[in-house]
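In: Quick one, what's the 3D model for this:
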Amino acid sequence: MTLAVPIRVDGETISGDKFIVSTVTHVLSEFGCLIQLEEEVIIDQTLVLMNEHTRQSAQARIVSTRRHRNGHKYVGVEFISKSDNFWRLTFVKPGAKSLKRTYGSTDM
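Out: Take a look at the predicted model:
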């Protein structure tokens, strides 16, 4: 889902310099997220994410890096271990029917 959640990212650049940056998610799922991150990182590298709303932290592994047309670099990460509802959201299971009703429907 597309949602901007403020997070803190702790990691190390490919040259070994430690960094701590604040950013927001662009897309997230129960398994990880896509974030804008300008630091030089590589696939399979481990980062620590902290949800700024809940102060909960989780380790994540970089699974993709891309530079967008606007020049910004985006990094896709997945949680290393099952996160205990890191986003504090409920995700719909694939194939599940929506609970919303059609406007004006009399079926209940």
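In: Can you give the contact residues for stretch 40-55?
Out: The contact list for stretch 40-55, computed with CB atoms under 8 Å, 6 or more residues apart in numbering, reads 5-15, 22, 33, 56-65, 75, 77, 80, 86-88. Where C-beta positions appear, they are placed from N, C-alpha and C, glycine not excepted.
In: What average pLDDT does that stretch get?
Out: Here stretch 40-55 scores 96 as its mean pLDDT.
In: quick one on the thing from earlier: buried among the contacts of stretch 40-55? Need that as a selection in PyMOL.
Out: In PyMOL syntax, the buried subset of these is picked out as below (16 or more other CB atoms under 10 Å):
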select buried, resi 5+7+9+11+33+58+60+62+75+77+86+87
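In: Now go through the contacts of stretch 40-55 and say which are in helices.
Out: Using DSSP state H to define helices, no part of the contacts of stretch 40-55 is located there.
In: so E38, which of the three states?
Out: coil (DSSP: H, G, I helix; E, B strand; the rest coil).
In: Quick one: residues contacting it.
Out: 21, 72-73.
In: any idea which of the residues you listed is least confident?
Out: Least confident entry in the contacts of E38, by pLDDT: H72, with 91.
In: hang on, that one packs against L34?
Out: No: H72 lies out of contact with L34 (CB atoms under 8 Å); the separation is 11.5 Å.
In: Mind listing the strands the helix or strand harbouring L49 pairs with, and their directions?
Out: Counting by DSSP states H and E, the element that carries L49 is strand 46-51. The pairing partners recorded for strand 46-51 under DSSP bridges are strand 6-12 (antiparallel), strand 57-67 (antiparallel).
In: Can I get the longest one as PDB, trimmed to CA atoms?
Out: What follows is the C-alpha trace of strand 57-67 in PDB, where atoms were taken according to Å, rounded to 0.1, in the frame of the first residue of the first chain:
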ATOM      1  CA  SER A  57      12.800  -1.300  15.500                       C
ATOM      2  CA  ALA A  58      13.300  -4.100  13.100                       C
ATOM      3  CA  GLN A  59      16.200  -5.400  11.000                       C
ATOM      4  CA  ALA A  60      15.700  -5.400   7.300                       C
ATOM      5  CA  ARG A  61      17.700  -6.600   4.200                       C
ATOM      6  CA  ILE A  62      18.100  -4.500   1.100                       C
ATOM      7  CA  VAL A  63      16.400  -6.300  -1.800                       C
ATOM      8  CA  SER A  64      16.500  -3.600  -4.500                       C
ATOM      9  CA  THR A  65      18.000  -0.200  -5.300                       C
ATOM     10  CA  ARG A  66      16.900   2.100  -8.100                       C
ATOM     11  CA  ARG A  67      17.500   5.700  -9.200                       C
END
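In: Lovely, talk soon.
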